[in-house]
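# the amino acid sequence is not available; the structure is as follows:
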């Protein structure tokens, strides 16, 4: 009897296998990075110890991780929501800025006590993000225009708009290229971590619940996985496409609102720190799972914070980016390999 072996790809990987593959991939990436650092004369064990102590061994480090985690959860969730119906929202960066812009309009020009202004800023952030994705949404829904191009190009418009108003029309003469301080701020929860942290976690849980347990979520997932079957079942695919894309933009806009109201407190250029683009990687690493986004965002926050710490230890920005890219690259490979298993056939 002859035995043949072949690789077989499964449609989904078991949680245990996917977790193990990710752990192995991260460990391999760290080993490779350590070998490269050792070749340059650095001590990788000392650097690793410094990263762990600075990130996880102190309240200040944990606070830094929490501040990074808030926007990463929401921008990753924004991309993951669009993927449920087969849409690539590459414009979370622009929607982040639009949400910050909408919140700033309220925080700078609407009078009132903080208890009134903060909910209005929250609403302004949601509306700003949704408005910014409205044109790509209608173009995709009614004309079949590829959302990759439209959402990506609008990123630059939003960034330049915020830069313009913060450096000219709304610039505070006492600040450097920024507006005046907003009239309302999100209260702190622990140190520099504000109440936007539980809001981001709650948003991911609510979206996960809607997708898993509501009729809307079932129909959205069906349209995304099998459009022909959805059409046959009479599901309004266009309507769901519009609602999902607007929700995706609103979530990214919420990230911008929480950043400006909880962390930066002023509208200025560069407030995103590429959170919108990093959200794409967060969603991919989470395999577009709303709950998984929380954990992949935590990994991304740790990687970003580690990069900052390594730069303080003398590593160049290029070296830090190379290590970061290596970790993400091998993690993505590990996630894909988790779908394969070796099958044995009897001839």
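Yes, it's here. As the structure is a computational prediction, the values presented were derived from the model and not from experiment.
# from here on, just use CA atoms for contacts and neighbour counts.
Will do.
# distance of residue 187 relative to residue 74?
Residue 187 sits 19 Å away from residue 74, taking Cα to Cα, to the nearest Å as the criterion.
# comparing these two, which residue is more hemmed in?
residue 74 (36 against 13; other Cα atoms under 10 Å).
# I'd say the more buried one and residue 249 touch.
No - between residue 74 and residue 249 there is no contact under Cα atoms under 8 Å: 10.3 Å.
# mean confidence for the strand or helix carrying residue 60?
Element membership of residue 60, judged by DSSP states H and E, is helix 59-83. Mean pLDDT, helix 59-83: 95.
# low-confidence ranges, the stretch 1-150 of the chain, go.
Confidence mapping of the stretch 1-150 of the chain against pLDDT under 70 gives the ranges 1-3, 11-12.
# phi and psi next, for the closest residue to residue 114 other than its chain neighbours.
With Cα to Cα, 6 or more residues apart in numbering as the criterion, residue 114 has its nearest non-adjacent residue at 4.9 Å, and that residue is residue 184. When read as degrees, to the nearest 10, the backbone of residue 184 gives phi -140, psi 140.
# counting neighbours, what do you get for residue 184?
Neighbours of residue 184 (other Cα under 10 Å): 22.
# just the pLDDT for it.
The model's pLDDT for residue 184 equals 95.
# swap in the one 3 residues further on?
Residue 187 carries a pLDDT score of 95 in this model.
# wait, what's in contact with it?
194-195, 262 (Cα atoms under 8 Å, 6 or more residues apart in numbering).
# could you do residue 78 as well?
For residue 78, the contact set (Cα under 8 Å, 6+ apart) comprises 89, 92, 247-252, 279.
# tell me the one of those residues nearest residue 29?
residue 279 (21.0 Å; Cα to Cα).
# for the helix or strand where that closest one lies, the averaged confidence score.
Assigned by DSSP H and E, residue 279 belongs to helix 275-285. The pLDDT scores in helix 275-285 average 91.
# which residues does whichever helix or strand comes after that helix contact?
The C-terminal neighbour of helix 275-285 among helices and strands, as given by DSSP H and E, is helix 292-312. Residues from elsewhere that reach helix 292-312, judged by Cα under 8 Å, 6+ apart: 47, 50-51, 54-55, 64-65, 68-69, 72-73, 76-77, 80, 201, 204, 282-283, 285-286, 317, 320-321, 324.
# what are the phi and psi values at residue 190?
phi -150, psi 110.
# how about the contacts made by the closest residue to it other than its chain neighbours?
Spatial nearest neighbour of residue 190, excluding adjacent residues (Cα to Cα, 6+ apart): residue 63 at 7.6 Å. Contacts for residue 63 (Cα under 8 Å, 6+ apart) come out as 190-193.
# turn the residues you listed into a markdown table, columns for pLDDT.
A markdown table is the format used below for those (pLDDT from 0 to 100):
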| residue | pLDDT |
| --- | --- |
| 190 | 90 |
| 191 | 88 |
| 192 | 89 |
| 193 | 95 |
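# would you point out the most distant pair within the contacts of residue 78?
Among the contacts of residue 78, 247 and 279 lie farthest apart (Cα to Cα), at 15.2 Å.
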